[in-house]
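In: predicted model and sequence follow; I will ask about them next.
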Amino acid sequence: MNSIKDAVQLFEDGYMCSQAVFAAFSEDLGLSKEQALNIGACFGSGMRKGEVCGACTGALMVLGLKYGDNKAKSGEVCDRFLDEFKNQNGSYICRDLLECDIATEKGVRYARDNNLFKEFCPKMVESAAEILEAML
């Protein structure tokens, strides 16, 4: 299975968006999938506050693994990733993407009632993984 499909499958298996993207790429960069799943656990759903999309934070963790020893390069790839994700999806902010604030019960209910976590979020995981794969 390739990393993009692996990321989507991990998300569909119940992992957070951040965990799914990070773990799908982590082993190629020397970090176990289990470690990546643990590290990425608190970054899903925009850090549970509807902030930066967890699929993006998972991708940024991967870029940090690869380029983190070079401050200039890591800054460049971070900006490039977020710019491309926003270009493709309209935003990299979770609540903007979902068009609801999942930091609130009302927002979570809206997202669930409209199947956003099952139908929309996998597309964001796939998009982040595709952009990330192209950058690596």
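Out: Looks like it came in fine.
In: give the buried residues for the top helix by length along the chain.
Out: Of all the segments of type helix in the chain, defined by DSSP state H, the longest one is helix 71-89. Within helix 71-89, the residues that count as buried by 16 or more other CB atoms under 10 Å are 74, 77, 78, 81, 82, 84, 85, 86, 89. For the C-beta atoms, the positions are set from N, CA and C on the backbone; glycine is no exception.
In: how many residues are close by the nearest residue to residue 62 once chain neighbours are set aside?
Out: In space, and not counting its chain neighbours, residue 62 is closest to residue 25: 4.4 Å by CB to CB, 6 or more residues apart in numbering. Residue 25 has 26 neighbours, counted by other CB atoms under 10 Å.
In: just residue 34 next, same as before
Out: For residue 34, using other CB under 10 Å, the count is 11.
In: same deal with residue 14?
Out: Count around residue 14 with other CB under 10 Å applied: 8.
In: what about the most centrally placed residue in the chain, distance to residue 81?
Out: Nearest residue to the geometric centre of the chain (CA atoms, centre = their mean): residue 55, 0.8 Å. Distance from residue 55 to residue 81, counting by CB to CB, to the nearest Å: 11 Å.
In: circling back: could you point out which element follows the longest helix of the chain?
Out: helix 94-98 (DSSP states H and E).
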